[in-house]
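Participant: Could you look at this predicted model? Sequence included:
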Amino acid sequence: MTLAKLGEFTADQFARAYGRAPQWIAAAPGRVNVIGEHTDYNDGFVLPMAIELYTIIAAAPSAGGAAQARFRSTGNHGEPATVDLAKPLKPFPKGAWANYPAGVLAGFVARGISPGGFDALIHSTVPSGGGLSSSAALEVATATLLETMTGKTLDPVEKALLCQQAEHQYAGVPCGIMDQFISVMGRKDHLLLLDCRSRQPQLIPMSDPSVSLLVTNTNVKHELGSGQYAKRRAQCEAAAKILGVASLRDATAAALQKAKSRMDDVVFRRARHVITEIERTPLAARRLEASDWSAAGQLMYDSHASLRDDYEVSCAELDAVVEIAKGIGERGGVYGCRMTGGGFGGCAVALVKTGAVAAVSKKIGADYKRKTGIEATMFVTRPASGASVLKPKPESSGR
Ligand code: GLA
């Protein structure tokens, strides 16, 4: 479904839920990260792109002027949730889906930007728990909606950081900045090379029709994920402390090697992943820019091996997809493949010759099913644009 159609669908769902038409509709995309994993909270580089899967949020002022924000969702997100705008805002119990929009709303209110009461309806095509940043898409869609409702547009960096704070403070996940940045700043036909220290984004064109990014969702979701994420962050901080640097961005492979005897083996391997991945990411961007698909693909395989062996955030199912892709090889149309996102399940991303996409998908799907008994979901996506307002149409809104 196109974004415009998704907007219409969400407007219909809004009308069914609340009995009137929405006044505002905003959308934000999910993402795949091509390379640069678990580097964002180490001040390193990431290379994500926005994808053509979106979270849409439609809203209208509360009937009767009630000072509350009501959120409903078409998905299996659970119960509708209400935020009382007359009281100090606070998180819902841990695990509640509405913590994402409520956390963003709280960020606006904390900046003195308060919408009046409103009813909202959320619809998403970003699978949740698939490692495609469904949470960032929900946060950024909410922030974009609040911007258009209040007429106060935030600086894009501040907007992404506000959404990240919502995730930290309301959802309780100590994530980095990658997902919210790409959902705000994604550009059609471009990857975004983001320096997470300076927060400087650099657009990398990715529009050659002869290559495609094929995403394979393993359809597994390991619940240990979020606790393990916090643990990895702590291990990186421990390594940086031993190395005497502010973050692993400042560490070198040589310095790490020298400090090996002063470090626990696990902390050493975590740091080795981060240091090598920070090196690989801008290199991969340069190789992609030069249409050197083989070299970029090799860096993707190297990234996967490092995430699997040193960072230990892969899982048997992700490894299976990467092994199958490697088996197909360049002759069969695959340049490279790796897990993408936080790990412990979710998706793998492969750089594939466009002419071979159908055959490659078929082979990965069949072999994956044979190895794991699980049906994978696969799709090809072009790099998409970041968050947008669908209603009122920007050109007619007068802003
Ligand atoms: C999750 C986090 C990101 C990033 C990735 C790993 O998606 O939200 O900030 O750390 O994991 O690269």
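Facilitator: That came through, no problem.
Participant: burial of the residue in the stretch 251-399 of the chain positioned nearest to the ligand, as a residue count?
Facilitator: When scored by Cβ to the nearest ligand atom, the stretch 251-399 of the chain has residue 342 as its residue closest to the ligand, at 3.5 Å. All C-beta spots, glycine's among them, are computed from the backbone N, C-alpha and C. For residue 342, the count of nearby residues is 22 (other Cβ atoms under 10 Å).
Participant: That one touches residue 227, doesn't it?
Facilitator: No. Residue 342 lies out of contact with residue 227 (Cβ atoms under 8 Å); the separation is 11.6 Å.
Participant: any weak-confidence spans in the chain?
Facilitator: Applying pLDDT under 70 to the chain flags residues 76-78, 223-226, 395-399.
Participant: Show me what from the stretch 1-150 of the chain comes close to the ligand.
Facilitator: Counting by Cβ under 6 Å from any ligand atom, the stretch 1-150 of the chain comes close to the ligand at 37-38, 40-41.
Participant: now residue 96, what's its secondary structure?
Facilitator: Following DSSP: H, G, I helix; E, B strand; the rest coil, we place residue 96 in the coil state.
Participant: Apart from its chain neighbours, what residue comes closest to it?
Facilitator: Closest residue in space to residue 96, ignoring its immediate chain neighbours: residue 81 at 6.8 Å, by Cβ to Cβ, 6 or more residues apart in numbering.
Participant: Likewise for residue 132?
Facilitator: Closest to residue 132 by Cβ to Cβ, 6+ apart is residue 30, at 4.0 Å.
Participant: and that neighbour, what element?
Facilitator: strand 24-33 (DSSP states H and E).
Participant: And that strand, what's buried?
Facilitator: Buried residues in strand 24-33, counted by 16 or more other Cβ atoms under 10 Å: 24-33.
Participant: ok so, going back, wasn't the residue of the stretch 251-399 of the chain closest to the ligand part of a helix?
Facilitator: No. Residue 342: not assigned to a helix; according to three-state DSSP it is coil.
Participant: Now do the contacts for it.
Facilitator: Applying Cβ atoms under 8 Å, 6 or more residues apart in numbering to residue 342 gives the contacts 38, 131, 225, 229, 313.
Participant: so what's the backbone phi/psi at it?
Facilitator: phi -60, psi -30 (degrees, to the nearest 10).
Participant: what's the residue of the stretch 1-150 of the chain found nearest the ligand sitting at in phi/psi?
Facilitator: In the stretch 1-150 of the chain, the residue that lies nearest the ligand is residue 37 (4.1 Å; Cβ to the nearest ligand atom). Per-residue torsions, residue 37: phi -110, psi 130 (degrees, to the nearest 10).
Participant: follow-up on the earlier one: want to try TSV for the residues of the stretch 1-150 of the chain next to the ligand, with neighbour count and secondary structure as columns?
Facilitator: Formatted as TSV, these follow (neighbours: other Cβ atoms under 10 Å; DSSP: H, G, I helix; E, B strand; the rest coil):
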residue	neighbour count	secondary structure
37	29	coil
38	27	coil
40	22	helix
41	20	helix
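Participant: Among those, which one lies nearest to residue 270?
Facilitator: Checking these against residue 270 by Cβ to Cβ gives residue 38 as the nearest, at 8.6 Å.
Participant: separation between that closest one and residue 303?
Facilitator: Distance of residue 38 to residue 303, given as Cβ to Cβ, to the nearest Å: 10 Å.
Participant: With residue 321 instead?
Facilitator: Residue 321 is 14 Å from residue 303, by Cβ to Cβ.
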